[in-house]
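J.: I would like to see how this sequence folds:
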Amino acid sequence: MNHGKVAKGVNPWRYVSGRPVNNIKKYDLWAEYVVGDEVWIISNWRSEPFPRSQLSRYYKKRKR
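T.: Down below sits the predicted model:
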């Protein structure tokens, strides 16, 4: 398994403008990336990266 690279044609960015959960009155924008065996998130609502386990349950359920 080759972690850390994105397959051609795959977009790791996620965007929600209608009913954002984290960045109220604006939009939620984030990307998921792999470090070792863990998926990490960079987003427009936190200044530091965080593990996917801390992502809102709403977004985890939707499997975007």
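J.: Name every strand pairing with the longest strand along the chain and say which way it goes.
T.: If you go by DSSP state E, the chain has its longest strand at strand 28-35. Partners of strand 28-35 in the sheet, by DSSP bridges, are strand 13-16 (antiparallel), strand 38-43 (antiparallel).
J.: Name the stretch among these that sits most buried.
T.: Highest mean neighbour count among the strands paired with strand 28-35 (mean count of other C-beta atoms under 10 Å): strand 38-43, with a mean of 16. Backbone N, C-alpha and C define where each C-beta goes, glycine included.
J.: Against which helices or strands is the following helix or strand past it packed?
T.: Reading on from strand 38-43 to the C-terminus, the next helix or strand found by DSSP states H and E is strand 50-51. Counting contacts by 3 or more C-beta pairs under 8 Å, 6 or more residues apart in numbering; DSSP states H and E, strand 50-51 is packed against strand 38-43.
J.: ok, residues contacting the strand it packs on?
T.: Under the contact criterion C-beta atoms under 8 Å, 6 or more residues apart in numbering, strand 38-43 has outside partners 22, 28-34, 49-52, 54-55.
J.: Whichever of those residues end up buried, select them in ChimeraX.
T.: Applying 16 or more other C-beta atoms under 10 Å to those, the buried members can be selected in ChimeraX as follows:
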select :22,28,29,30,32,33,34,55
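J.: Can you lay out the contacts of strand 38-43 as CSV showing distance to Trp13 and pLDDT?
T.: Below are the contacts of strand 38-43 laid out as CSV (distance: C-beta to C-beta, whole Å; pLDDT from 0 to 100):
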residue, distance to Trp13, pLDDT
Asn22, 15, 90
Asp28, 11, 93
Leu29, 7, 94
Trp30, 7, 93
Ala31, 5, 93
Glu32, 9, 89
Tyr33, 11, 88
Val34, 15, 85
Pro49, 14, 95
Phe50, 16, 94
Pro51, 18, 92
Arg52, 15, 89
Gln54, 18, 89
Leu55, 14, 85
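J.: And the furthest pair within the contacts of strand 38-43?
T.: Put simply, by C-beta to C-beta the two of these set farthest apart are Asn22 and Val34, 21.3 Å from each other.
J.: where does this structure dip in pLDDT?
T.: Applying pLDDT under 70 to the chain flags residues 1-10, 60-64.
J.: Thanks a lot, catch you later.
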